[in-house]
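K.L.:
sequence first, predicted coordinates after that:
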Amino acid sequence: MDQVEEIKQRIDIVDLISSYVELKKAGANHKALCPFHSEKTPSFMVSQDKGIYKCFGCGESGDIFTFIEKMEGVDFPEALKILAERAGVKLERIDKKFYDQKRVLYEINNKAGDVFHHILVKTKVGKKALDYLVSRDVAQKTIQDFKIGYAVQNFEFLSNYLFKKGFEQKDIIASGLSLLRERRRPNSISIYDRFRGRIMFPLYNPAGNIIAFSGRLLKEEEGQGGKYINTPETPIFSKSRAVFALDKAKTAIRKLGFVILVEGQMDVVLSHQAGLTNTVASSGTALTEEQVEHLSRLTSNFVFAFDADEAGVEATKRGVELALTKGIDVSIALIPEKFKDAAEVITKDPSVWKESIKNAEPFFAYLFNSVFGNKKEELNPQEKRDAARVLLPEIAKINDPIVAGDHIAKLAARLRTKESYLYDWLKNYEEKKETKEAQNKDTISAQVKRISRENHLLGLILAFPKYGKAALKGVKEKYLTSNQVIRIYKKLNSWYAKKRKFEMEGFLKTLLDGERDFVNHIVLDVENEYTTEDRETAQEEIVYLMQKIREESTQRTNRNFEAMIKAAEASGDKEKLISLIREFQKSVINK
């Protein structure tokens, strides 16, 4: 038995999760308020038998390891250590198959971070980069705290260094630090360094491992490619999820009750140096929904302090929109006009930066001021219309009707118009928006419903084996569209071909790891909806789903033939047309 399985067997998932949330018995499972999102009615289910949990509100699911990763903000190796200690299991050297590449990639990035930092602070090669940082008023302690480094202007330095440390080429490439040459040059290795001649800012995960880098060109070299380049997506780094300096800012964010969001790494570094240690930045991309979700677990107050240029304004708009839809309280800290970004403000006068954050304006107050300015006289009809067109779509993004209503009242007073007119405008705006979104999502929605039906049918067949064998005979493989369901369907048919009685534990042993997880989750979905006494209801649902899936399959077949027949008619291909008609007739007979 491997160590992961040993820990799973020793730790009862119900005991573990009940040490974080209050669990109550619910049939064969346990239920609680979800620890991963806010809710009033419990939708978080824990299956003691299967060793898994799932929230039917936010969709979070997993086993004891994923639960600890999410609750404690650690990666798998850290979760493994925490749970091994709880289980009384002494960890040996972990077998590669558990987190082999991730562990290796952490090691590669950490080694790269060490050598970049050493070059910057200890060598003549790094002096020019160090002098630049000093000229930007970055202190030695800050350089040390953030482990800022320098990548030399050499195509093979880091790649060769990592080879000498015993890492394999495939892993060095997977880390994003090196790229494969299209053509190998004489007397050179087959890969080359991605980062060259750049100041290096490492990004960390909560466990303190470097997961990526952002490389900035020195000022006098800014004609040589992009100012910043970043690690691409890797198995340990997702641009849409990672937040720069969150590992250092998390405690301060919780303590102070708000987060400061800036654009660049230098902005973050200097803001921390100035004492505002609750500052973070997105990782080489516009703020994403995942980043907002992550930060919102720490605080519901965001202060945006993006650059004042056009790109900064657009980035602020996108970030604010995401935050508002999540119910976040948003404020805007203005960068004084004579400065281009937060880093320049801090370099020239840290007190000005602190004052800007202190005087950050609530988003809608900022928006009202930017639209109306110092105008005191009554607006003409066209100006009122233009102001409403700017402000009302922003108000529409607010989920809280009380907060939205307050802003509507203020706008109506400023425009000297009736609130009902503004509500009518909003209603019309929302209807148009919903119609457009519905048109775009029709196809996707149909696909999701179809796959959901197939998953649910398979879950019912597995959870109520009394009807399973008969139900399988009524579902032909050609009716199904989900590859995952088809694979389980085939294995289930194979089981019944060999054995008369279904036994879940034995069947699970015939599945691959991913298939086993899938089966556990769809069965847990069913168990959340039906009790063992609901056999008749389950049987009715099985019959209904089988009929619906067959109907949808027939409709898809008909649409496909209709399209092909029309194409054959349009091209004048009579032979093809006759063949298609015969094939269509045959498919109708064989349904």
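P.N.:
Received it, and whenever you're ready, just let me know what you need. Numbering: from 1, shown residues only.
K.L.:
all helices of the stretch 101-250 of the chain, in order?
P.N.:
With DSSP state H, counting those that start in this stretch as the definition, the stretch 101-250 of the chain shows helices at residue ranges 127-135, 140-146, 157-164, 169-174, 246-256.
K.L.:
show me the contact partners of the shortest one.
P.N.:
It stands for helix 169-174. For helix 169-174, the surrounding residues in contact (C-beta atoms under 8 Å, 6 or more residues apart in numbering) are 101, 104-105, 108, 159, 162-163, 178-180, 190-191, 234-235. Yep, even glycine has a C-beta here, placed from its N, CA and C like the rest.
K.L.:
mind doing that once more with 10 Å?
P.N.:
Residues outside helix 169-174 that contact it (C-beta atoms under 10 Å, 6 or more residues apart in numbering) are 100-102, 104-105, 107-108, 112, 158-159, 161-163, 165, 168, 177-180, 189-191, 193-194, 234-236.
K.L.:
now swap in the second one and tell me
P.N.:
The contact list for helix 140-146 (C-beta under 10 Å, 6+ apart) reads 117, 120-121, 130, 133-134, 138-139, 148-149, 199, 201-202, 204, 244-245, 248, 265, 268-270, 272-274.
K.L.:
list the buried residues of that helix.
P.N.:
Within helix 140-146, the residues scored as buried using 16 or more other C-beta atoms under 10 Å are Thr142, Ile143, Phe146.
K.L.:
also the fourth one?
P.N.:
Using 16+ other C-beta under 10 Å as the test for burial, helix 169-174 gives Asp171, Ile172, Ile173, Ala174.
K.L.:
from those, pick the one nearest Ala281.
P.N.:
When the buried residues of helix 169-174 are compared for distance to Ala281 (C-beta to C-beta), Ala174 wins out at 25.1 Å.
K.L.:
need the pLDDT of the closest one.
P.N.:
Reading off the per-residue confidence, Ala174 sits at a pLDDT of 92.
K.L.:
now it: how far from Asp513?
P.N.:
Relative to Asp513, Ala174 is positioned 21 Å away (C-beta to C-beta, to the nearest Å).
K.L.:
what does Asn560 give?
P.N.:
Using C-beta to C-beta, one obtains 35 Å as the distance from Asn560 to Asp513.
K.L.:
also Phe65?
P.N.:
13 Å.
K.L.:
need the helices for the stretch 251-400 of the chain, in chain order.
P.N.:
Listed from the start of the chain, the stretch 251-400 of the chain has helices (DSSP H, counting those that start in this stretch) covering 265-273, 289-296, 310-325, 342-348, 350-358, 363-372, 381-395.
K.L.:
quick one: closest of those helices to Ala28.
P.N.:
Proximity to Ala28, assessed across those by C-beta to C-beta, is greatest for helix 289-296 (31.2 Å).
K.L.:
for Met546, give me its contacts.
P.N.:
Arg453, Leu457, Leu460, Ile461, Ala471, Leu472, Gly474, Val475, Tyr479.
K.L.:
dump these to a markdown table, plus distance to Lys326, secondary structure and pLDDT.
P.N.:
Shown next, in a markdown table, are the contacts of Met546 (distance: C-beta to C-beta, whole Å; DSSP: H, G, I helix; E, B strand; the rest coil; pLDDT from 0 to 100):
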| residue | distance to Lys326 | secondary structure | pLDDT |
| --- | --- | --- | --- |
| Arg453 | 30 | helix | 84 |
| Leu457 | 34 | helix | 89 |
| Leu460 | 35 | helix | 88 |
| Ile461 | 38 | helix | 89 |
| Ala471 | 42 | helix | 84 |
| Leu472 | 43 | helix | 84 |
| Gly474 | 44 | helix | 82 |
| Val475 | 41 | coil | 84 |
| Tyr479 | 39 | helix | 86 |
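K.L.:
quick one, which of these are buried?
P.N.:
Arg453, Leu457, Leu460, Ile461, Ala471, Leu472, Val475, Tyr479.
K.L.:
pretty sure the fourth one is touching Met504, no?
P.N.:
Read that as Ile461. No - between Ile461 and Met504 no contact is recorded; they are 11.6 Å apart, counting by C-beta atoms under 10 Å.
K.L.:
shared neighbours of those two, which are they?
P.N.:
In contact with both Ile461 and Met504: Val523, using C-beta under 10 Å, 6+ apart.
K.L.:
please identify which of the buried residues of helix 169-174 is nearest to Lys586.
P.N.:
Nearest to Lys586, judged by C-beta to C-beta, of the buried residues of helix 169-174 is Ala174 at 49.4 Å.
K.L.:
how close does that closest one sit to Tyr106?
P.N.:
From Ala174 to Tyr106 the distance is 12 Å (C-beta to C-beta).
K.L.:
what sits in contact with each of those two?
P.N.:
Shared contacts of Ala174 and Tyr106, defined by C-beta under 10 Å, 6+ apart, comprise Ile236.
K.L.:
residues contacting the nearest residue to Ser296 once chain neighbours are set aside?
P.N.:
Counting by C-beta to C-beta, 6 or more residues apart in numbering, Lys326 is the residue found nearest to Ser296 once chain neighbours are left out, at 5.6 Å. By C-beta under 10 Å, 6+ apart, the residues touching Lys326 are Glu289, Val292, Glu293, Leu295, Ser296, Ser300, Phe302, Asn399.
K.L.:
from the residues you listed, which would you call buried?
P.N.:
A residue is treated as buried here by neighbour count (16+ other C-beta under 10 Å); on that basis the buried members of these are Val292, Leu295, Ser296, Ser300, Phe302.
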